[in-house]
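In: Have a look; sequence and predicted model below, questions after that.
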Amino acid sequence: MLFPRILEEELGRRIPDAHIRVFAPVGYTGLNRFEEREPAEPLGPWSPERVTELAGDLDCVVIGPGEIIHGRDELLSPHYGLTPAEMRRRAPSRFFLGGLGPDLERECPVVWSAVGIPFDFRAREAARARESLASRPIVSVRDEVSRRRLRKAGVDREVEVVPDPAFLGSRLFPPPLLEKRLAQLRATGVYPEQPPLVVQGNAASIFQVQGLASALERLREEREIARVVLVETGPCHGDGEFARALEEAMPGTVRLPSAGLADVTAAIAASAGFIGTSLHGNITALTFDRPHLVLAWGGETKLEGFAEAIDNLDCLVERAEDVPGAFEKVAALGSRTDIVADLARRVDAHLDRVAEVAVTATARRERPPAAASLAEQLELLRRAYERRGRLLVAQRWTLADRFADLDAEIAALREEIARLEREVGGRAGELERLLNTKTFRYTSALRRLYGSLRRGR
């Protein structure tokens, strides 16, 4: 959810009168707690009719960023709560890899913007890549690994490596906003006053929990960090399951409940450092000049590409026991604001070119608006109400998450109060029995004498 907000902000600043629409394979399904904007429109199942409709409605299409250029649609199924067969039927990879097709793209240009290619292409995918990319005005990937995969597939045109747009993410969150969110987190007791170590992991990290808990405890003691705070950057990737497992293995950790984008950003920006599998958690830490480590035991090439881009392979950690030593190394590097500034400059230059393509395409297709019929106006109203409904659903899900967390905290506090009341009751009974013993009554004079002697001394 970081990508659409950044691109809307940046492209909107470059093209003030642009109307930007955001699409996703399925759109909002209730699985994404970071849905803090109007929900994305669903692309729907791929078909020739659907791409023709999109080409007629749009002036320019920007595909990316993210690890979306591949043909393995079934891998998206758990993130949307759909079966692998249903995701293959929808075939979102046909939109991402093939775009609109060469004929339609003559009128509606398509741009690849800092996309990631997580796997080598199969033969049919390689052929589609060569055909669809031949005439694109801009083809950019976000790491050298992705560019090498395109070359291996036989794509011989210019391919630019553009850093992840998240390097511009700090522009979304000015200091006053982050300070306000941080104050709210501290007021609710989920973020300590002293900078904590912020940790994140996904479902693939659960098998590392015991070793990671030991390593984090050692690091916390060596650097005199008071607490560890757990955040979730990818709820649909199993971050919650990992957080629960680490809470059990490492008592005393604090978990950021139902946090939004600004909350997670504020937590990382004010931390003593970030450690996690999340690419954007690490980018956020680097952007706000915090030490960071990439837990790279999942074999994701995007993480290797990130380490290469920032010229710091030492930030990659493949074994839990190496975390304390690796963190010391990256902390010793000091400020890296010059690298962040250079990467942000490259992203800005890329988005300048994207804006030029969009403006040129719009001017070429400029035509006087046709008078809308009553049926067309009703259809526009229907779509607007649908979008409004999806947004309300998203907001209800966020509120439901927060209420569920509060209910859990209230239940825990009530249990603690009941336990303390039982304990006080038991102690009161013991005291009453003691006061009623003969020994206590008969020694009262001695106890008064002892008290007088202590006061005199």
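Out: Noted; the coordinates are in hand.
In: give me the number of residues near residue 344?
Out: The criterion is other CB atoms under 10 Å. On that basis, residue 344 has 18 neighbouring residues. Backbone N, C-alpha and C define where each C-beta goes, glycine included.
In: try residue 77
Out: Taking other CB under 10 Å as the neighbour definition, residue 77 ends up with a count of 17.
In: With residue 16 instead?
Out: Here the count is done by other CB under 10 Å, and residue 16 has 6 residues near it.
In: List the contacts of it.
Out: The neighbours of residue 16, taking CB atoms under 8 Å, 6 or more residues apart in numbering as the test, come to nothing; the list is empty.
In: did I read that right, it in a strand?
Out: No - per DSSP: H, G, I helix; E, B strand; the rest coil, residue 16 lies outside any strand segment and is coil.
In: Got phi/psi on it?
Out: With angles defined as degrees, to the nearest 10, residue 16 sits at phi -60, psi -30.
In: Could you tell me how far it is located from residue 355?
Out: Using CB to CB, to the nearest Å, one gets 11 Å for the distance from residue 16 to residue 355.
In: do residue 324 as well
Out: When distance is defined by CB to CB, residue 324 is 45 Å away from residue 355.
In: swap in residue 234?
Out: Taking CB to CB as the measure, residue 234 falls 29 Å from residue 355.
In: Looking at these two, which is more packed in?
Out: When neighbours are counted by other CB under 10 Å, residue 234 and residue 355 differ, and residue 234 comes out ahead with 22 against 19.
In: Now for the more buried one: which residues touch it?
Out: Residue 234 makes contact with 202, 278 under the criterion CB under 8 Å, 6+ apart.
In: Please repeat the previous calculation with a cut-off of 6 Å.
Out: Taking CB atoms under 6 Å, 6 or more residues apart in numbering as the contact definition, residue 234 lies against nothing.
In: how about the CA coordinates for the stretch of helix or strand residue 293 belongs to, as CSV?
Out: Secondary structure assignment for residue 293, by DSSP states H and E: strand 292-295. What follows is strand 292-295 as a C-alpha-only set of coordinates in CSV (Å, rounded to 0.1, in the frame of the first residue of the first chain):
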residue,chain,number,x,y,z
HIS,A,292,19.2,-2.1,9.8
LEU,A,293,19.6,-5.8,9.0
VAL,A,294,18.0,-7.9,6.3
LEU,A,295,16.9,-11.4,7.5
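In: Parallel or antiparallel, which strands does it pair with?
Out: When pairs are called by DSSP bridges, strand 292-295 turns out to pair with strand 273-276 (parallel), strand 316-317 (parallel).
In: didn't residue 22 look like it was pressed against residue 4?
Out: Yes - checked against CB atoms under 6 Å, the pair residue 22 and residue 4 is within contact range at 4.4 Å.
In: So for the two, which residues contact both of them?
Out: Overlap between the contact sets of residue 22 and residue 4, as judged by CB under 6 Å, 6+ apart, is nil.
In: Next, the buried residues of stretch 75-95.
Out: When burial is assessed from 16 or more other CB atoms under 10 Å, stretch 75-95 yields the following buried residues: 76-80, 82, 87-88, 90-95.
In: coming back round to it: what's the following helix or strand after the strand holding residue 293?
Out: Following the chain from strand 292-295 toward its C-terminal end, the next helix or strand by DSSP H and E is helix 301-309.
In: Give me the contact list for that following helix.
Out: In contact with helix 301-309 (CB under 6 Å, 6+ apart) are residues 67, 116, 143, 145, 163, 279, 294, 296, 313, 315-316.
In: Which members of those residues are positioned in strands?
Out: Mapping these onto strands (DSSP state E) picks out 294, 316.
In: Show the buried residues in the contacts of helix 301-309.
Out: 67, 116, 143, 145, 163, 279, 294, 296, 315-316.
In: would you turn those residues into TSV with distance to residue 245?
Out: Shown next, in TSV, are those (distance: CB to CB, whole Å):
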residue	distance to residue 245
67	25
116	28
143	30
145	30
163	33
279	21
294	20
296	19
315	24
316	22
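In: wait, which of the residues you listed is closest to residue 342?
Out: Using CB to CB, the shortest approach to residue 342 within the buried ones among the contacts of helix 301-309 belongs to residue 163, at 8.8 Å.
In: List the residues that contact that closest one.
Out: Taking CB under 6 Å, 6+ apart as the criterion, residue 163 is in contact with 309, 343, 346-347.
In: farthest pair in these?
Out: Of all pairs in the contacts of residue 163, the most separated under CB to CB is 309 and 347 at 11.2 Å.
In: which of those two has more neighbours?
Out: residue 347 (22 against 19).
In: can you give me the helices in the stretch 1-150 of the chain?
Out: Applying DSSP state H, counting those that start in this stretch to the stretch 1-150 of the chain gives helices spanning 2-14, 48-57, 77-80, 84-90, 92-98, 102-105, 123-133, 144-152.
In: Comparing the ones you listed, which stretch has the densest surroundings?
Out: With neighbours defined as mean count of other CB atoms under 10 Å, the helices of the stretch 1-150 of the chain peak in mean count at helix 92-98, which reaches a mean of 21.
In: residues making contact with that helix?
Out: Helix 92-98 has contacts (CB under 6 Å, 6+ apart) with 25, 43, 46, 63, 68-69, 71, 73, 128, 132.
In: Many thanks, have a good one.
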